[in-house]
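Undergrad: pasting the sequence and the predicted coordinates here, then a few questions.
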Amino acid sequence: QVSLVESGGGLVQAGGSLRLSCAVSGRTLSAYTMGWFRQAPGKEREFVAAITWRGGSTNYADSVRGRFTISRDNAKNTVALQMNSLEPEDTGVYYCYARLLAVEYWGQGTQVTVSS
């Protein structure tokens, strides 16, 4: 059974930084594209960032490009999201995911709250 577990969320002031991590267990997902979505209160879940299985290609939402950096360590079966210059609009639950063709796995989410 595949499990994705996020960590690193918390409360931070605007302008601060957080580093989220997603640990995968149950199988190796090195062939999967992995990434992050987030969901703010009262809003739909939205894409944040993704990284291909070799890490050679990354993609970011316009709202976070230049502030967030996604990375992965296939040997450790982890993916991370470094978030800098955080804004109150970045508040939400952040979900880690892994996708390969029609197969998807999701974590339970970690709360990020940015105070103004």
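TA: Good, I have the coordinates.
Undergrad: got a list of contacts for stretch 38-57?
TA: Residues outside stretch 38-57 that contact it (Cβ atoms under 8 Å, 6 or more residues apart in numbering) are 30-37, 58-61, 64, 68, 70-72, 74, 79, 81, 89-95, 109, 112. Glycine gets a C-beta too; all of them are placed from N, C-alpha and C.
Undergrad: what subset of those is buried?
TA: With burial judged by 16 or more other Cβ atoms under 10 Å, the buried subset of these is 30, 32-37, 58, 60, 64, 68, 70, 72, 74, 79, 81, 90-95, 109, 112.
Undergrad: just checking, which of the residues you listed belong to strands?
TA: 33-37, 58, 60, 68, 70, 72, 79, 81, 92-95, 112 (DSSP state E).
Undergrad: quick check, central residue of the protein?
TA: W36 (3.1 Å; Cα atoms, centre = their mean).
Undergrad: hey, what's that residue bridged with?
TA: Beta-bridge partners for W36, by DSSP bridges, are A49, C96.
Undergrad: my guess is it contacts Y97. True?
TA: Yes - judged on Cβ atoms under 8 Å, W36 makes contact with Y97 at a distance of 7.3 Å.
Undergrad: how about low-confidence regions in this protein?
TA: 55 (pLDDT under 70).
Undergrad: ok, for the most far-flung residue of it relative to its centre, nearest residue in space, not its chain neighbours?
TA: No residue in the chain sits farther from the centre than S116, which is 22.1 Å out by Cα atoms, centre = their mean. Residue nearest to S116 in three dimensions, not counting chain neighbours: P88, with 4.7 Å by Cβ to Cβ, 6 or more residues apart in numbering.
Undergrad: show me what contacts the one you found?
TA: 14, 114-116.
Undergrad: who wins on neighbours among those?
TA: V114 (20 neighbours; other Cβ atoms under 10 Å).
Undergrad: for A80, see how far away the residue nearest to S116 is.
TA: Distance of P88 to A80, given as Cβ to Cβ, to the nearest Å: 23 Å.
Undergrad: now do T28
TA: Counting by Cβ to Cβ - T28 and A80 are separated by 17 Å.
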